[in-house]
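>>> pasting the structure only:
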């Protein structure tokens, strides 16, 4: 029976990690933020087998609303509900800003204030798990799982899973915002800039090709599925288990691909085999401290978004990793799930370089280019005439810089462009 329980725990953990990997891949393969968020809540609710999973977005006044949801029945829907409540702001906003998750197994027994209980009853909440979503180090919103029909004891592994997923959601939100900004700039300026420079056209083509190649790779990876018994072998992430002496006892195919060692070469070896020489002693001590702690799972590299690992050929590479702990009859088993983020960092740097190059090109085009809104306010100019400053021009109306006979002509032209919804006139 104990062996079966252990096998069930390992299978559940593997399924959770596999789903986290699949959700992350789907997140990165979609360019639509609404699709990303809906995919997330749907997958999470199915995995946790709970009544409702929502994503709540804050506004500038720390009110907000439910932007996406997945519910087990229509009666639990709270989509587009605006939340304004004194108890919520006073008691819980600050912990979420400090990246602290909140777990309530039963609102009637978890020592909540009457004000808070009444607030949750409005939404049919009996038990909930709340994880903050931070984007660019700012509190963006909350990823929340609700159990509505009865109390529920949330497992530490479920909390860790939701916290890990919130990081992926934050990356997706940031990428979607960045992509939207790039697409908006391209749609507004493409026609004029393309006529004047081949260099910008080549930069855009390279950027688009990089996006296509990345999406194709992620789509191909997301299509690999197999039976539950083969999850560890088909996972693209490295999944490595070690015993209490930090010797490798499990080395999946993802680890083979990332590190270059075969399972026969890696199993039985110390975990130090996969670390740069300069980090071995420090890392070994961290693992020992983790074994002694009450924590069952955490992200590795708390002070940096990425850690360093070493391949078989001696090359070092950045990676994201998490570690979990399982107590068995034979001692503690530690499982590390690691992802090589080299390509992501390279892609981010290329995107940054392309944007800087675009800005440089615009500033050096010999023709005058300006961007205005429907009211004629100037949003961007590529250069200024002598005696003018950007602070004088940006935000002013373009009509202030035109002769009287041209003001009405420009006003009619701008209005026609917005009414017809065309890109260039």
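Happy to help now that I have it. Being a predicted model, the structure only gives us computed values, none of them experimental.
>>> pull the helix or strand with minimum mean pLDDT from the chain.
helix 198-222 (a mean of 71; mean pLDDT, DSSP states H and E).
>>> ok now the helix or strand following it, how far from the chain's centre?
Sequence order places helix 231-234 as the next helix or strand after helix 198-222, per DSSP states H and E. Centroid displacement of helix 231-234 relative to its chain, using C-alpha atoms, centre = their mean, to the nearest Å, is 23 Å.
>>> same deal with stretch 283-295?
27 Å.
>>> name the residues of that stretch that are buried.
The neighbour-count check on stretch 283-295 (16 or more other C-beta atoms under 10 Å) flags 283, 287, 290 as buried. (Glycine included, C-beta is placed from N, CA and C.)
>>> bridging across strands, which residues link to the closest residue to residue 96 other than its chain neighbours?
Leaving aside its chain neighbours, residue 96 sits nearest to residue 132 (4.2 Å; criterion: C-beta to C-beta, 6 or more residues apart in numbering). Taking DSSP bridges, one obtains residue 142 as the residues bridged to residue 132.
>>> residues contacting residue 132?
Residues in contact with residue 132, defined by C-beta atoms under 8 Å, 6 or more residues apart in numbering, are 96, 97, 99, 100, 101, 139, 141, 142, 143, 166.
>>> now those as JSON lines including distance to residue 297 and neighbour count?
Putting the contacts of residue 132 into JSON lines (distance: C-beta to C-beta, whole Å; neighbours: other C-beta atoms under 10 Å) gives the following:
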{"residue": "96", "distance to residue 297": "20", "neighbour count": "20"}
{"residue": "97", "distance to residue 297": "23", "neighbour count": "13"}
{"residue": "99", "distance to residue 297": "16", "neighbour count": "14"}
{"residue": "100", "distance to residue 297": "16", "neighbour count": "12"}
{"residue": "101", "distance to residue 297": "12", "neighbour count": "18"}
{"residue": "139", "distance to residue 297": "23", "neighbour count": "17"}
{"residue": "141", "distance to residue 297": "23", "neighbour count": "25"}
{"residue": "142", "distance to residue 297": "20", "neighbour count": "22"}
{"residue": "143", "distance to residue 297": "17", "neighbour count": "24"}
{"residue": "166", "distance to residue 297": "14", "neighbour count": "22"}
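>>> just the residues you listed now: which is nearest residue 409?
Within those, proximity to residue 409 (C-beta to C-beta) peaks at residue 141, which comes in at 45.4 Å.
>>> correct me, but that closest one touches residue 64?
Yes. Shown here, residue 141 and residue 64 form a contact pair, counting by C-beta atoms under 8 Å, at 6.8 Å.
>>> give the residues shared as contacts by the two.
56, 57, 58.
>>> what ranges do the strands span in the protein?
Assigned by DSSP state E, the strands in the chain fall at 52-58, 64-71, 82-83, 102-104, 127-135, 138-147, 238-242, 248-251, 297-299, 307-310, 316-328, 331-340, 370-372, 378-381.
>>> nearest to residue 277, out of the ones you listed?
Nearest to residue 277, of the strands of the chain and by C-beta to C-beta, is strand 307-310 at 8.2 Å.
>>> could you give the number of residues near residue 243?
Per other C-beta atoms under 10 Å, the neighbour tally for residue 243 reads 16.
>>> quick one: contacts for it?
249, 330, 331, 332, 333, 334.
>>> please repeat the previous calculation with a cut-off of 7 Å.
By C-beta atoms under 7 Å, 6 or more residues apart in numbering, the contact list for residue 243 reads 249, 331, 333.
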